[in-house]
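Trainee: what's the 3D shape of this:
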Amino acid sequence: MSDRHSGPLTRRWVEQRWLLDATIRSIGMDWDQPRSIYLSAPCGPEANADFAGLRQRITKLADASPAFEAVARRREAKAQAAEAEGQLVAARDNYYMAAVHWGAAQWPIDENNDANKAYNGRKRECFRKYAKLADHAVQEAWIPMPGGERLPAWFHLPPGYREGRLPAVIAVHGMDSFKEHGVSLYGDRWLQRGFAVLAIDGPGQYESAVLGIPFRMEAWMATGKACVDWLAGRTEVDASRIGVSGVSFGSFFATIAAAHEARIRAVAVMSVCHEPGFHTIFEEASPTFKMRFMYMSAIEDEAEFDRLRKTMTWEGHAERISAPYVCLAGEADELSPLVHTRRLMAALKGPKRLVVYQDSRHSVGNVPASNLGPFPPTLVADWMAETLQGKAFPSEEWFVEASGRVAKSALS
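Mentor: Numbers count the residues shown, from 1 in each chain. You can find the predicted model right below:
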């Protein structure tokens, strides 16, 4: 990737380009969010060295794609060598890690150029090879949409599954994440609790953007129904026990999807993006966020995108949700002020729980409250399992203090 940016451009990018690289040199590759942590975690401990090297290698934005590409090539070569030697567990693990690195190499590219398409192809091929060797059933899935498009997805079944109908969760990631690392290589929280998982790239996300399926509110309004229709057609899935989970911008996407599909029986979101119009993330945070979403929307003109983003809101949608809803948010979220999440929670019609972690920023975690109190991914998974089993809970706000103590109050 050259220093010259291609794809959408914004005023803030042009004016602050020098500041972005200075920030990366000072803070590192995780300047805008803990990317190296959330990409590394699903890969298991062997990937720690990969990401330690990447943190040293990436000192400006233009370093990111080449650095991830180099690690992806090394992991793919290790996988191929292990497979040739009949070392299938090592091959499996390395194909998974290679897929994650190929996907990460796509992140800084805001156009469907040859590099983005090539990285996407290598990501899919490595994950396909992983799927053949995985310790559980993994199937390629394509979700039909009303306009004739098909959303790319991977469908996972728990290890040892033989028969019967399982609860299922639709896993929706954030703006800078992708479906291939939606289910962990080892000890996945959903699979270990007996869930089937449909990990998707929804409209505008990663492979969907490469395939020319852009973000539109109408598309996400149709995505919940499309995914539930697909899951209801599977003999492995109990169609009466389907939930959706969304992280970061996926918290907004999942909310819109659930608002227009009553068969989604539980909604769990964390690290939220709930501000109507999204002024904070697009106008006050790193300029890469806005340009990334312009690419996701297939819009290169900033004024045109600004008109679109003003229509991006949960208002008029969240009021339709009567399914149980749990939300985990950071007290000091710098991308989506908490006041907007409180307004959304008030609009919901069903039972709800808002869990606020003291001192946490947007990415919920890495603070004393999440280390000493309820661990966020575990809380979400247990809540989803219990809710889809029919367990009721009172509408409450939980404030997780730095000590780990949880202060509870009624939520209306």
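Trainee: all strands for the stretch 101-250 of the chain, in order.
Mentor: 138-144, 150-156, 166-172, 196-200, 237-247 (DSSP state E, counting those that start in this stretch).
Trainee: Parallel or antiparallel, list what pairs with the fourth one.
Mentor: The sheet places strand 196-200 alongside strand 150-156 (antiparallel), strand 166-172 (parallel), with pairing taken from DSSP bridges.
Trainee: Turn the strands of the stretch 101-250 of the chain into a markdown table, including mean pLDDT and mean neighbour count.
Mentor: To be clear about C-beta, it is placed using only N, CA and C from the backbone, and glycine gets the same treatment. Below are the strands of the stretch 101-250 of the chain laid out as a markdown table (pLDDT from 0 to 100; neighbours: other Cβ atoms under 10 Å):
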| stretch | mean pLDDT | mean neighbour count |
| --- | --- | --- |
| strand 138-144 | 98 | 16 |
| strand 150-156 | 98 | 23 |
| strand 166-172 | 98 | 26 |
| strand 196-200 | 98 | 27 |
| strand 237-247 | 98 | 23 |
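Trainee: before we move on, back to that, got TSV for the strands paired with strand 196-200, with distance to R353 too?
Mentor: Converted to TSV, the strands paired with strand 196-200 look like this (distance: least, Cβ to Cβ, whole Å):
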stretch	distance to R353
strand 150-156	26
strand 166-172	17
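Trainee: Could you point out which of those strands sits nearest G86?
Mentor: strand 150-156 (25.0 Å; Cβ to Cβ).
Trainee: Which residue ranges of the stretch 301-412 of the chain form strands?
Mentor: Using DSSP E, counting those that start in this stretch, strands in the stretch 301-412 of the chain cover 325-330, 352-357, 396-400, 406-410.
Trainee: Quick one: the helices in the stretch 201-350 of the chain, in order.
Mentor: 206-210, 217-232, 249-259, 279, 287-296, 302-309, 338-347 (DSSP state H, counting those that start in this stretch).
Trainee: Can you tell me which of those helices is nearest to S370?
Mentor: helix 338-347 (15.8 Å).
Trainee: Which strands or helices does the closest one pack on?
Mentor: Applying 3 or more Cβ pairs under 8 Å, 6 or more residues apart in numbering; DSSP states H and E, one finds that helix 338-347 makes contact with strand 325-330, strand 352-357.
Trainee: Out of the strands of the stretch 301-412 of the chain, which is the most enclosed?
Mentor: strand 325-330 (a mean of 26; mean count of other Cβ atoms under 10 Å).
Trainee: same for it, what does it pack against?
Mentor: Using 3+ Cβ pairs under 8 Å, 6+ apart: strand 325-330 touches strand 264-270, helix 338-347, strand 352-357, helix 376-388.
Trainee: Now these in JSON lines, please, with extra columns for distance to A402 and mean pLDDT.
Mentor: Below are the helices and strands packed on strand 325-330 laid out as JSON lines (distance: least, Cβ to Cβ, whole Å; pLDDT from 0 to 100):
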{"stretch": "strand 264-270", "distance to A402": "19", "mean pLDDT": "98"}
{"stretch": "helix 338-347", "distance to A402": "17", "mean pLDDT": "98"}
{"stretch": "strand 352-357", "distance to A402": "9", "mean pLDDT": "98"}
{"stretch": "helix 376-388", "distance to A402": "15", "mean pLDDT": "98"}
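Trainee: Run a quick neighbour tally on A285.
Mentor: Using other Cβ atoms under 10 Å, A285 has 18 neighbouring residues.
Trainee: Could you do the one 10 residues further on as well?
Mentor: The local packing count at Y295 equals 22, with neighbours defined by other Cβ under 10 Å.
Trainee: low-scoring pLDDT stretches of the protein, where are they?
Mentor: The model of the chain has pLDDT under 70 over residues 1-6.
Trainee: Relative to V326, how far out is the residue lying farthest from the centre of it?
Mentor: Distance from the C-alpha centroid of the chain peaks at E85, with 34.7 Å (Cα atoms, centre = their mean). Per Cβ to Cβ, to the nearest Å, E85 is found 46 Å from V326.
Trainee: So what's the residue count around the residue nearest to E111 when sequence neighbours are not counted?
Mentor: Leaving out its chain neighbours, the residue that sits closest to E111 by Cβ to Cβ, 6 or more residues apart in numbering is G7, at 3.6 Å. Burial of G7 is recorded as 16 neighbouring residues (other Cβ under 10 Å).
Trainee: I'd like to check which residues are in contact with G7.
Mentor: Shown in contact with G7 (Cβ atoms under 8 Å, 6 or more residues apart in numbering): I109, D110, E111, M291, M294, Y295, E300.
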